[in-house]
Each structure stands twice: as C-alpha cells, then as structure tokens.
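>>> sequence-free structure coming up:
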Ligand SMILES: [Zn+2]
C-alpha cells in the first residue's frame, strides 16, 4: 500500500470518528493482539486506534492523523511472528504515543519505546525474562535503521537490560 493511500484511509477514518462523537464513545476500549487484550492511550489521554493493513512494509507504525492517534500494523508480517513478539511490537508503537514522540521526538525515541514496551509488559505479567530472551533470534539479522533502531543483536541485549532495570 502506498504511503499516500494509507494516509488517506487514516484521514477518512479520523474524520469519521470526529464527526460522530457517539462512535468515539462506542469505540472498543481494548483490541486483541495475539489473543491478548491490549489498549493504549496517548500522552494526551486519547484512545489510540488500531488499524491492521497488509503491505505496510514494516511491522508497525505510530501515526497521528487529524489529531487521532493510530497504531498501524501489518497483518502479513505479524502472522510470521510468535505471540509475545507481536505484543512487543504493539507495545513499542503504543510507547511512541504514550511518550509523546509524535509531538516531541527525542534522539532516543526508538530506545525509549523499546524499553517502555518491555517494562510495561513485564509489569503486567505479560513477559517473563525468557520471553524477552526468545526475541533475540528474530532481531539477529536486522542491521538497524538510520532512524534509531539498534542493530539486531544490540537491540536484543538492550531489551534484556531494560527488563532487568527497576
Ligand atoms: Zn519505533
């Protein structure tokens, strides 16, 4: 899906939500990722909408369109991942909203989002340490990204370090 097409769909969805306040009230509080109930609110307290698409080209993205926060996830890529890793990627995108990165990006946004996602899932008893260790092989071949994701092996180590922090 082209970026412009996706942005258009999100905009239409956002405008529909705003035009009909009753729909906002009726919007689901939680959604299911890998069979787990999850929900997310952004730094302004707004409920984050989940949209699943195919052909995103990335597991997930965090966007704000017309003031409405979205997590967009690629169903095709998600399907290839184990349940806990799907939860982690949802948590990572949620973290960008919770930490307000859309409005004020820090140089460490990706590291902060990773760490927040791990600690949040740990504190809600969704991840134990072995779960986090089990992510390493999936990151092993990733070389990192220029927008701040560490190369895979380092990222996996960092996730465990976050788990072990307070
Ligand atoms: Zn990110």
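Structure received. All values reported here derive from a predicted model rather than from experimental measurement.
>>> list the helices and strands the host helix or strand of residue 88 packs on?
Using DSSP states H and E, residue 88 maps to helix 83-98. Helices and strands touching helix 83-98, as assessed by 3 or more Cβ pairs under 8 Å, 6 or more residues apart in numbering; DSSP states H and E, comprise strand 31-33, strand 36-38, strand 60-65, strand 68-74, helix 109-123. For the C-beta atoms, the positions are set from N, CA and C on the backbone; glycine is no exception.
>>> Touching whichever helix or strand comes after the last one from outside, list them.
Read it as helix 109-123. Using DSSP H and E, the helix or strand that follows helix 109-123 in sequence is helix 129-133. Outside helix 129-133, the residues that touch it by Cβ atoms under 8 Å, 6 or more residues apart in numbering are 84, 118, 122, 159, 160, 163, 164.
>>> I'd like to know the beta-bridge partner residues of the nearest residue to residue 46 once chain neighbours are set aside.
Closest residue to residue 46 in three dimensions, ignoring its sequence neighbours and counting by Cβ to Cβ, 6 or more residues apart in numbering: residue 69, at 5.6 Å. Legend: beta-bridge partners of residue 69 under DSSP bridges are residue 64.
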